[in-house]
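Undergrad: no letters, just coordinates:
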């Protein structure tokens, strides 16, 4: 065998491990991808992509632009989610590339594996939202800046600027990546004014390109944040969630890698994941403070942790942003640190390293089992299908479950019934309820009522005029129920 043939064979053998990881990621990302219905935020993405011309100047337009092009080739739930699956598989490969550049090939492979099997990444790969796409472009920009930090030139800095701009068009929170970018570049080339000038020009270019969206991002962000709050105050959901504590910060690595579903019901399982979290945090600490490879691992540390500092602080003075999907863009850098820490243990103590690997695989297996066996998304598809199954000629659909435009009907419904959208909801007193019931559309057929969080008093009021049959119930930040209402008058006429 000649030298050229040997080199070609070695070249292809080098790509086998990452190819297998990408194949694994692809299988996990498409497995059961269309089993659950699109949930409320996914339906919003589909709606905005469908009516793209009205949503170009929203804070996160790039994912809608890409989705609009993707929709030309299919419209099923599985196909729509496939767009993010493709970009998330791309993130697995980019994480590998970055790990190899910052440390070595084994760290690149392990960090890619963390990305491939992470239940959190699988969730966002199977979601018609911007978070998987955002992480992809964030990694493209980071790889470009890595090249610029190693050997600055107009192509690497230009590629970094374009990728960061695209990442901003996916999620404005990617603006926080400019913090470590600036710190690293300013320190690395602090004595080279010409290079710093080129980087500054890149920052200005990002600002100019993003300027058409800055005002709408600022206005909507102020409304989204909802002002200031006393430290520690909060209640349900993201809008009122209290700021993260130290335990939330330490447990975040577990959310990223193995378990992102809240506290397990079993105390034993919960204790196991706490132990796993402690081990993972220790591995990250070992990677950060280990002198070998410290130069470039400091870059990964900056990209992984500096963006979290303002998010942590803001979460304690306003609306909490310490939410897994908002933090996702930092996860690949945490994976690289975790993989580097594991390799340090492997280099020194093989038996503890094997034990850590076994603990990780048990932890991630538990997370995967939880993800694939329990449905978390709202079943709007089932609700709309039940409407179509039960509707008859002359029926009227009354939508009183939020939204000026009922996006679930807009996406799933293909029937011919008249649709009436109601935004008004009655006070919980007999007079208001009676007035609201009287205002329901008059029909000799039936009313299919979709109502959010109906009170017993409302149902009692409806029963005075209609025969009420509950058909379906879903949980969508509250309860949404489907009722079949048959007017008492029509029943009398039939008799």
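TA: Right, received. Where do you want to start? Only a predicted model underlies this, so the values are computations on that prediction, with no experimental measurement involved.
Undergrad: please count neighbours and contacts with C-alpha atoms only from this point.
TA: Will do.
Undergrad: what's the distance between the residue lying closest to residue 164 once chain neighbours are set aside and residue 147?
TA: Once flanking residues are discounted, residue 164 sits nearest to residue 141: 5.5 Å by CA to CA, 6 or more residues apart in numbering. Taking CA to CA, to the nearest Å as the measure, residue 141 falls 10 Å from residue 147.
Undergrad: so which of the two has more stuff around it?
TA: residue 141 (26 against 18; other CA atoms under 10 Å).
Undergrad: next SSE downstream of the host helix or strand of that one?
TA: In the assignment (DSSP states H and E), residue 141 maps to helix 131-150. Following helix 131-150 in sequence order, the next helix or strand is helix 154-170 (DSSP H and E).
Undergrad: for that following helix, what is the average pLDDT?
TA: The average pLDDT for helix 154-170 rounds to 97.
Undergrad: against which helices or strands is it packed?
TA: helix 61-70, helix 131-150, helix 193-225 (3 or more CA pairs under 8 Å, 6 or more residues apart in numbering; DSSP states H and E).
Undergrad: who wins for proximity to residue 300 among those?
TA: helix 131-150 (9.5 Å; CA to CA).
Undergrad: of the helices and strands packed on helix 154-170, which shows the lowest average pLDDT?
TA: Taking the mean pLDDT of those, helix 193-225 comes last: a mean of 93.
Undergrad: and that one with helix 154-170, angle?
TA: Note on geometry: by axes from the mean of the first three to the mean of the last three CA atoms, to 10 degrees, helix 193-225 and helix 154-170 are set 0 degrees apart in direction.
Undergrad: list the buried residues in helix 193-225.
TA: Buried residues in helix 193-225, counted by 16 or more other CA atoms under 10 Å: 195-196, 198-199, 202-203, 205-206, 209-210, 213-214, 217, 225.
Undergrad: who are the packing partners of it?
TA: helix 154-170, helix 178-188.
Undergrad: tell me which residues are up against the last one.
TA: Residues lying outside helix 178-188 but in contact with it, judged by CA atoms under 8 Å, 6 or more residues apart in numbering, are 145, 149, 196, 199, 299, 302-303, 306-307.
Undergrad: biggest separation within these, which pair?
TA: The widest separation within those (CA to CA) is 21.5 Å, between 196 and 307.
Undergrad: tell me the helix or strand right after the helix or strand of the chain with the lowest mean pLDDT.
TA: The weakest-scoring helix or strand in the chain, judged by mean pLDDT, DSSP states H and E, is helix 237-240 (a mean of 44). For helix 237-240, the following helix or strand on the C-terminal side (DSSP H and E) is helix 246-257.
Undergrad: by contact count, what packs against that next one?
TA: helix 105-117, helix 119-125, helix 267-289, helix 331-348.
Undergrad: indicate which one of those helices is closest to residue 72.
TA: Among the helices and strands packed on helix 246-257, the nearest to residue 72 by CA to CA is helix 119-125 (19.9 Å).
Undergrad: what residues of that closest one count as buried?
TA: By neighbour count on 16+ other CA under 10 Å, the buried set for helix 119-125 is 119-125.
Undergrad: ok, and the closest non-adjacent residue to residue 434?
TA: residue 461 (6.2 Å).
Undergrad: residue 440 versus that neighbour, what's the distance?
TA: Taken as CA to CA, the span from residue 461 to residue 440 is 12 Å.
Undergrad: how about residue 396?
TA: 10 Å.
Undergrad: for the two, indicate the residue with more neighbours.
TA: Legend: neighbour count by other CA under 10 Å for residue 396 and residue 440, higher for residue 396 (23 against 15).
Undergrad: what pairs with that one across the strands?
TA: Counting by DSSP bridges, residue 396 is bridged to residue 418, residue 447.
Undergrad: so residue 147 touches residue 158, yeah?
TA: No. Assessed by CA atoms under 8 Å, residue 147 is found out of contact with residue 158, at 11.2 Å.
Undergrad: so where's the protein uncertain?
TA: Filtered on pLDDT under 70, the chain yields the residue ranges 1-11, 227-241, 291-293, 489-495.
Undergrad: so who does the closest residue to residue 115 other than its chain neighbours touch?
TA: Excluding the flanking residues, the one nearest residue 115 by CA to CA, 6+ apart is residue 92, at 5.7 Å. If you count contacts by CA under 8 Å, 6+ apart, residue 92 has them with 22, 25, 112-113, 115-116.
Undergrad: ok, of those residues, which come out buried?
TA: Here, 16+ other CA under 10 Å leaves 22, 25, 112-113, 115-116 buried among the contacts of residue 92.
Undergrad: now render those as a markdown table, adding distance to residue 103.
TA: Output for the buried ones among the contacts of residue 92, formatted as a markdown table (distance: CA to CA, whole Å):
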| residue | distance to residue 103 |
| --- | --- |
| 22 | 20 |
| 25 | 22 |
| 112 | 13 |
| 113 | 16 |
| 115 | 17 |
| 116 | 19 |
